[in-house]
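Trainee: Build me a model from this:
(chains A, B, C and D)
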There are 2 protein chains.
Amino acid sequence: MNILIIDDEEQMRRLLTITLEASSYAVFEAGTGKDGITQAAMQRPDAIVLDMSLPDMPGVEVLRSVRSWSSVPVIVLSVRGSEADKVMLLDAGADDYVTKPFSPQELLARLRVALRHAATKGVESPLVCLGTLEIDLAAHMVKKHGAVVKLTATEYKILSFLVRHEGRVLTYSQILREVWGNQYADSTHYVHVHVAALRRKIEDNPAEPALILTESGVGYRLQGR
Amino acid sequence: MNILIIDDEEQMRRLLTITLEASSYAVFEAGTGKDGITQAAMQRPDAIVLDMSLPDMPGVEVLRSVRSWSSVPVIVLSVRGSEADKVMLLDAGADDYVTKPFSPQELLARLRVALRHAATKGVESPLVCLGTLEIDLAAHMVKKHGAVVKLTATEYKILSFLVRHEGRVLTYSQILREVWGNQYADSTHYVHVHVAALRRKIEDNPAEPALILTESGVGYRLQGR
DNA sequence: CCTTCCTTTCAAAAAAACATGAAAACATTT
DNA sequence: AAATGTTTTCATGTTTTTTTGAAAGGAAGG
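Mentor: Model (predicted):
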């Protein structure tokens, strides 16, 4: 889990970073609003901790800017502001509001709540569609023409590896290492057999594969759209 | 939007009701934890405001009970409690924590945040029907052909976990972690034994499972419609 | 056209994973 | 302490998947 901290005080950033890293989050830091917005776009963090007092722009502008294109959870950090401020920020899209000084434990708990929301919200699991084939990596499910296709564990591992590198050629040894482990890197035949089985299940015409293409002498490639 | 208030102080309920109704929410009230749980199940509110000091049972128990079958947003209300309390409640599934005394405006704002989260999530049905099987997560009750099926605690935990992720493949280790806890993650045979028992009770023909499907090498999947 | 190299297909053997019954251990209630 | 109900453990037979080897197909080069 990646967290972005946007705060101009060096010391506060340090404290937050240490706290978060101790809970094994990966942390990015930004010292200005502008930098914060850039990093939010570049790093795609799983949550943002945003301090309201920034040198270059009002914190709420950062919030609005991020909200215009992302629904990433944002926890706002601020010295005791007015009620109206709090309300305004929450309505502007903040997920939570923590007043300084705060306890690290509480921030962590509220962060967990925010991440929990983000996780359950993603009910629209990422569906990969390739022609008439749908692959739902989260649900561990593959459909062909809308019907569930039953894959064995090995077949699924190969397909999922190909999907994650759609369009790229994956060598035999890469596939073997990923699916069977390092010590199998030379058992090229395994790949042949299992890819053949996979094709039988997911290709319209296994004799003329349209999805899993053979790259002779090298390996296989999953046809991007 | 319907809001359920669970609070034993008449006066506080009055204040909250007036505040909420002024913002055109419909309000239900409960004065005890037990009543609160019942009403949560009956009324299906869109959010719950839960006071921690209840006469009949600890507020956290109410929270846990509701969380066992619903993901409705719960905002916890409490007099200044310890940090540890706050953290514990948030981790137990509370969506927000507001300390008394609080400003009505802030509560409303936090309520809007909670409802915003819930809105992006899918609806949950109170009663899950799968073929001839009915599962009422709120009532902890399972019926088969209309007759109540008696499940052991373990069996119910497994079934309820499957129901909450209907259609998705759940791995052995996910099931083990959920039902038995982290340190059992490798005791695959536990799952085999208990799923077999579960099938005996809920499948029409346990030899050819139609509800709980096995995904060889991976885990089990509850058949969605 | 033949040879070679690689890929695909097929099927049997081997291995792994699964289902299930029953006994032992454990917990709970009376 | 006995009775009851549940969970854990163990053993066994069954099913499914993986591995293996052999043979067939196909493209490229001589």
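
Trainee: Up against DNA strand C, what does chain A have?
Mentor: Residues of chain A lying near DNA strand C by Cβ under 7 Å from any atom of the strand: A:188-189, A:192-193, A:195-196, A:199-200, A:206-207, A:209, A:214, A:216-218. In this view, the C-beta of every residue, glycine as well, is placed from N, C-alpha and C.

Trainee: count of neighbours near A:Val193?
Mentor: By other Cβ atoms under 10 Å in any protein chain shown, the residues close to A:Val193 number 12.

Trainee: confidence score at it?
Mentor: Per-residue pLDDT puts A:Val193 at 97.

Trainee: on that earlier part again, between the residues of chain A next to DNA strand C, which is closest to DNA strand D?
Mentor: A:Val193 (4.5 Å; Cβ to the nearest atom of the strand).

Trainee: Can you list the helices and strands that the host helix or strand of that closest one packs against?
Mentor: Per DSSP states H and E: A:Val193 is located in helix A:188-202. If you count contacts as 3 or more Cβ pairs under 8 Å, 6 or more residues apart in numbering or on different chains; DSSP states H and E, helix A:188-202 packs onto strand A:141-144, helix A:153-164, helix A:172-179, strand A:212-215, strand A:219-222.

Trainee: right, and A:Asp204 touches A:Thr132 too?
Mentor: Yes. Using Cβ atoms under 8 Å, A:Asp204 is in contact with A:Thr132, at 6.9 Å.

Trainee: would you turn the helices and strands packed on helix A:188-202 into CSV with mean pLDDT, mean neighbour count and distance to DNA strand D?
Mentor: Shown next, in CSV, are the helices and strands packed on helix A:188-202 (pLDDT from 0 to 100; neighbours: other Cβ atoms under 10 Å in any protein chain shown; distance: least, Cβ to the nearest atom of the strand, whole Å):
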stretch, mean pLDDT, mean neighbour count, distance to DNA strand D
strand A:141-144, 94, 20, 13
helix A:153-164, 96, 19, 3
helix A:172-179, 96, 19, 8
strand A:212-215, 95, 14, 10
strand A:219-222, 96, 21, 15
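
Trainee: for the residues of chain A next to DNA strand C, which one is nearest B:Ala153?
Mentor: Nearest to B:Ala153 among those, counting by Cβ to Cβ, is A:Arg200 at 43.4 Å.

Trainee: The closest one: how many residues sit nearby?
Mentor: Using other Cβ under 10 Å, A:Arg200 has 10 neighbouring residues.

Trainee: okay but it is in contact with A:Pro209, surely?
Mentor: No. Using Cβ under 8 Å, A:Arg200 is not in contact with A:Pro209, being 10.3 Å away.

Trainee: Can you name the residues of chain A that neighbour DNA strand D?
Mentor: Chain A has residues A:Lys150, A:Thr152, A:Ala153, A:Thr154, A:Glu155, A:Trp180, A:Ser187, A:His189, A:Tyr190, A:Val193, A:His194 near DNA strand D, with proximity defined as Cβ under 7 Å from any atom of the strand.

Trainee: 10 Å instead, please
Mentor: Applying Cβ under 10 Å from any atom of the strand, we find that chain A lies next to DNA strand D at A:150-158, A:176, A:179-181, A:184, A:187, A:189-194, A:196-198, A:207-208, A:214, A:216-217.

Trainee: rewinding a little: which ChimeraX command selects the buried ones in the residues of chain A next to DNA strand C?
Mentor: Buried residues among those (16 or more other Cβ atoms under 10 Å in any protein chain shown), as a ChimeraX selection:
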select /A:195,199,209
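
Trainee: Farthest pair within the residues of chain A next to DNA strand C?
Mentor: Farthest pair in these, by Cβ to Cβ: A:Arg200 and A:Gly217, 23.0 Å.

Trainee: show me where chain A has helices.
Mentor: Applying DSSP state H to chain A gives helices spanning A:10-22, A:33-43, A:59-67, A:83-91, A:104-121, A:153-164, A:172-179, A:188-202.

Trainee: I'm done for today, thanks for sticking with me.
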